[in-house]
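Colleague: make a model of this:
(chains A and B)
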Number of protein chains: 2
Amino acid sequence: MARWAPNTRERLRTAALSLFEERGYSATTVPDIVDRAGVTRRTFFRHFSDKREVFFDGDEIPQIATRMISEAPREARPMEIVMGGLRVLARERFEPQRAEIRFARQVIASEPALRERDLRKQADLRDAIRDGFRHRGEDESTAAAIAGITVEALQAALEAWASEPSGIPLTDHLDEVLQRMRMLLQTV
Amino acid sequence: MARWAPNTRERLRTAALSLFEERGYSATTVPDIVDRAGVTRRTFFRHFSDKREVFFDGDEIPQIATRMISEAPREARPMEIVMGGLRVLARERFEPQRAEIRFARQVIASEPALRERDLRKQADLRDAIRDGFRHRGEDESTAAAIAGITVEALQAALEAWASEPSGIPLTDHLDEVLQRMRMLLQTV
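Modeller: From the prediction side, this is the model:
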């Protein structure tokens, strides 16, 4: 099989996730994963720096956020920009991978090392959003508030979406979470 | 010096923080800290599991949150409980240690291992708040929204409070952050 087949990365992820499901995360090794995927060890490390990375294919999400914020029309309000961005991410990145994300979230929750990495990724997204709105001229405190709300809303919506079986789209969960946050803050 | 002097823990923290400030965090060892504090190595490890722990003296904050939430009057609204709790923490735990917290936050921001630990502690507080409101009968999604808003508001307020020199109380920053969040969410 050609090492540079365009779907190698996806094949490695699928192999890894199925092994994690069968044997557990800790018991699965990189050699197991490359055997199952039919690629070399070197190929694995060309795509992922370690086994944990298989779970974090969203490295580019902070960069996407940075770009969306900087390219938004000058007159757009911060929460319009955020909601527009979250809707695109929800439809294009998360919705097509619901089962995979659901399983990945379960493993992450059960492995402290993965959990720390996940929190780090959330913090990277928070920083990217905060910096993006600072560059648009928002003051420090507003930029931090926008970033905090966004990351929490996304996490809460992902949690609800991944855990409930009814198939309600992630964008609906996002609307609901933001509505709840709005109602809660009105009582402060 | 008596090993069980009630201020041993505080003396160790003061010694550690002054050494971190003089030599840098990485260059400071546990033997350096115990020398400066005038206690034995064993005493250090009775108080802190490792050097990183010196920065995280707020381990009990999630437990305090759990207790405050469970003991709040039945009729209290969630955000009233949260704001009441944050005000107590701000006045009693954070305000008296402004200079120390300011320095600790700088070191944490510059050391990836400390940053991960800090994020983990924030996540523990988020979980404690979410579980506390679940036990009060809030649904999953509302409990997650309350917890997310609280942790983000506290972090944003701490950041503003620790970085600005004017001496505005942390409670004022908390009010301001929540006000900003409310205004932002009204535009969704």
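Colleague: ranges for the helices of chain A?
Modeller: When secondary structure is read from DSSP state H, chain A shows helices at A:8-23, A:30-37, A:41-47, A:61-71, A:78-89, A:98-110, A:112-135, A:140-163, A:170-186.
Colleague: make TSV out of those and add mean pLDDT, mean neighbour count and distance to B:Ile101.
Modeller: In short, each C-beta sits where N, CA and C put it, glycine included. TSV is the format used below for those (pLDDT from 0 to 100; neighbours: other Cβ atoms under 10 Å in any protein chain shown; distance: least, Cβ to Cβ, whole Å):
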stretch	mean pLDDT	mean neighbour count	distance to B:Ile101
helix A:8-23	89	18	40
helix A:30-37	95	17	42
helix A:41-47	93	16	41
helix A:61-71	94	17	27
helix A:78-89	94	19	29
helix A:98-110	88	16	30
helix A:112-135	92	19	19
helix A:140-163	94	22	17
helix A:170-186	94	20	26
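Colleague: who wins for proximity to chain B among those?
Modeller: The closest approach between chain B and any of the helices of chain A, judged by Cβ to the nearest Cβ, belongs to helix A:140-163 at 3.0 Å.
Colleague: residues from chain A in reach of chain B?
Modeller: Applying Cβ under 8 Å from any Cβ of the partner chain, one finds that chain A approaches chain B through A:77-80, A:83, A:115-116, A:119-120, A:122-123, A:140-142, A:144-146, A:148-149, A:151-153, A:155-156, A:159-160, A:176-178, A:180-182, A:184-188.
Colleague: domains of chain A?
Modeller: Residue ranges for the structural domains of chain A, counted by automatic domain parsing, are given in the record as A:8-53, A:56-186.
Colleague: of all these, which one is nearest B:Ala37?
Modeller: If you check each of the domains of chain A against B:Ala37 by Cβ to Cβ, domain A:56-186 wins as the nearest, at 29.6 Å.
Colleague: tell me how far that closest one lies from the chain's centre.
Modeller: In this view, domain A:56-186 has its centroid 8 Å away from the chain centroid, taken as Cα atoms, centre = their mean, to the nearest Å.
Colleague: compute the first-to-last residue distance for that domain.
Modeller: 36 Å (Cα to Cα, to the nearest Å).
Colleague: what's the closest non-adjacent residue to A:Val107?
Modeller: The shortest distance from A:Val107 to any residue that is not its chain neighbour, by Cβ to Cβ, 6 or more residues apart in numbering or on different chains, is 5.2 Å, and that residue is A:Tyr25.
Colleague: quick one: pLDDT of that neighbour?
Modeller: For A:Tyr25, the model assigns a pLDDT of 90.
Colleague: assess the claim that it and A:Ala109 are in contact.
Modeller: No. Under the contact definition of Cβ atoms under 8 Å, A:Tyr25 does not touch A:Ala109, with a separation of 11.2 Å.
Colleague: circling back to that earlier point, number of residues surrounding the residue nearest to A:Val107?
Modeller: Using other Cβ atoms under 10 Å in any protein chain shown, A:Tyr25 is surrounded by 21 other residues.
Colleague: contact partners for it?
Modeller: A:Tyr25 is in contact with A:51, A:107, A:110-111, A:114, counting by Cβ atoms under 8 Å, 6 or more residues apart in numbering or on different chains.
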